[in-house]
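1. Task: produce atomic coordinates for the following.
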Amino acid sequence: MGWLFGPSPVRSHHKHVVDVQAIDPEFSRSGPRVEAVRTARLLLRRWTPRDRSPFAEINADPEVMKYFRAPLERGDSDAFIDRIEAGFNTHGFGLWAVERLDQTGLIGFVGLSVPSFEASFAPCVEVGWRLAKSAWGCGYATEAARCAINAGFDQFGVDEIVSFTSTANAPSIAVMRRLGMHHDPADDFDHPMLPAGHPLQSHVLYRLSRDQTTD
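-> As a prediction, this is how the structure comes out:
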């Protein structure tokens, strides 16, 4: 998860199968567009106005933002949603808002994005996540990220998906490993959006190609 904002530690090893029939693609000028995806326990969907307040609370939580540059003010949080929605319009995929099937209300986001900074591995498609602290420890990040990866490969024809985070972010690195992603130390990098010497500048990169399994 390479946005400089917030982690989603999970510690479950449960695996869940994507409900392919719940993937509801619409077609735009840029190709397929997945509006909603359902897993065994979660709904990944487009954003609505009612998501802005709980998302701002998530982004303002210092524990959620521990491995990222800084918490977000409300205006920055709202602007982030606007950029996410613009990404859906451009690419067809994006960072889906996530809620539990058995309980209404936003618990964070999981999905795919296209990083905007220059790097040796760019252009690329990234899988990332950020969940409210109340949703940690349930395996939701792994479950939803696996679903997002499958959508990237099956619906959008992506050949490789990456994920990256600060070398200090052990919980998110554990999620990447549970997803079956692979790490080569030669791919690690200093994030160009952080100043030299920043304690979070050093990042690891994990990869998963279409011919590798996420199970």
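2. Which of the three states applies to the residue nearest in space to the middle of the chain?
-> In the chain, the centroid-proximal residue (CA atoms, centre = their mean) is G128; its distance is 2.0 Å. What DSSP: H, G, I helix; E, B strand; the rest coil gives for G128 is strand.
3. and the gap between it and G94?
-> In this view, G128 and G94 are 11 Å apart by CB to CB, to the nearest Å. Backbone N, C-alpha and C define where each C-beta goes, glycine included.
4. same thing with H191?
-> H191 sits 21 Å away from G94, going by CB to CB.
5. same thing with Q212?
-> Distance from Q212 to G94, counting by CB to CB: 23 Å.
6. Who has more neighbours out of those two?
-> The neighbour comparison of Q212 against G94 (other CB atoms under 10 Å) goes to G94, with 24 against 13.
7. From P171, how far out is the more buried one?
-> Note on G94: its distance to P171, by CB to CB, is 23 Å.
8. Return the residues in contact with I107.
-> Applying CB atoms under 8 Å, 6 or more residues apart in numbering to I107 gives the contacts 98-100, 131-132, 134-135, 140.
9. what helix or strand is the residue lying farthest from the centre of the chain on?
-> What lies farthest from the middle of the chain is G197; by CA atoms, centre = their mean that is 25.9 Å. For G197, there is no host helix or strand (DSSP states H and E).
10. okay, now Q155: neighbour count?
-> Other residues within reach of Q155 by the criterion other CB under 10 Å amount to 18.
11. Please report phi then psi for it.
-> Phi and psi for Q155, reported as degrees, to the nearest 10, are phi -90, psi -30.
12. right, and it touches R33 too?
-> No: between Q155 and R33 there is no contact under CB atoms under 8 Å: 9.2 Å.
13. which element follows the least confident helix or strand in the chain by mean pLDDT toward the C-terminus?
-> In the chain, no helix or strand scores lower on mean pLDDT, DSSP states H and E than strand 25-28, which sits at a mean of 39. Next helix or strand after strand 25-28 toward the C-terminus (DSSP H and E): strand 31-34.
14. What strands line up against that following strand, and which way round?
-> strand 25-28 (antiparallel) (DSSP bridges).
15. Quick check: buried residues in stretch 38-53?
-> Judged by neighbour count using 16 or more other CB atoms under 10 Å, the buried positions of stretch 38-53 are 38-39, 41-45, 47, 51-52.
16. Which of these fall in strands?
-> Using DSSP state E, the subset of the buried residues of stretch 38-53 located in strands is 38, 42-45.
17. On the three-state scheme, G111 is what?
-> G111 - assigned by three-state DSSP - is strand.
18. Look up how far D102 lies from the closest residue to it other than its chain neighbours.
-> Among residues not flanking G111 along the chain, L95 sits closest, at 3.9 Å (CB to CB, 6 or more residues apart in numbering). Using CB to CB, L95 is found at 22 Å from D102.
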